[in-house]
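A.B. asks: what's the 3D shape of this:
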Amino acid sequence: MKQLWARLSKRERGLVVTTLLILLLVLGRISVVSPYMAHREWVQTQLEIQPQLLEKNLRYIGQKEQLSAALEAARNDVKAHEAKLLTGDTPSVNASDLQETVQGLAAKEGTQVITTRVLNPEATGAFSKIAIRPPPSFWS
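C.D. replies: Next comes the predicted model:
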């Protein structure tokens, strides 16, 4: 390497040194300055967004009482309707309970239901819809 350097003229050595300096400056810009500028831009964007997020969060905090009241009303509504729901673990147990309820209502009204047919349960969200119907001869 020393021999190569010694063979170069003064002008060629100057060009090599200048080229190395330019290469170091380009590498420095790519590895140090560009990431720093990108981070600085990101921080500036975050500083612009933060007041908007703060306002949004303050609005949510301001609605805390309304949301709590709505939650309590929804809980009360669920409790009021919970008594009307069937409590069996499986759709077949629920269908049996439903048939017993229909038999009881029919007996209370003075009607006799001899047979009923359970239709396939349908999933509706977290609940199952179970329908029963009397046999076709009942309607004729």
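
A.B. asks: Let's verify D89: helix, strand, or coil?
C.D. replies: coil (DSSP: H, G, I helix; E, B strand; the rest coil).

A.B. asks: do A123 as well
C.D. replies: strand.

A.B. asks: Can you give me the neighbour number for it?
C.D. replies: For A123, the neighbour count with other Cβ atoms under 10 Å is 9. For glycine as for every other residue, the C-beta is placed from the backbone atoms N, C-alpha and C.

A.B. asks: That one and P91: what is the separation?
C.D. replies: 10 Å (Cβ to Cβ, to the nearest Å).

A.B. asks: got the contact list for the most centrally placed residue in the chain?
C.D. replies: The centroid of the chain falls nearest to G125 when counting by Cα atoms, centre = their mean (16.7 Å). When contacts are counted by Cβ atoms under 8 Å, 6 or more residues apart in numbering, G125 touches no other residue.

A.B. asks: What does it show for phi and psi?
C.D. replies: phi 70, psi -130 (degrees, to the nearest 10).
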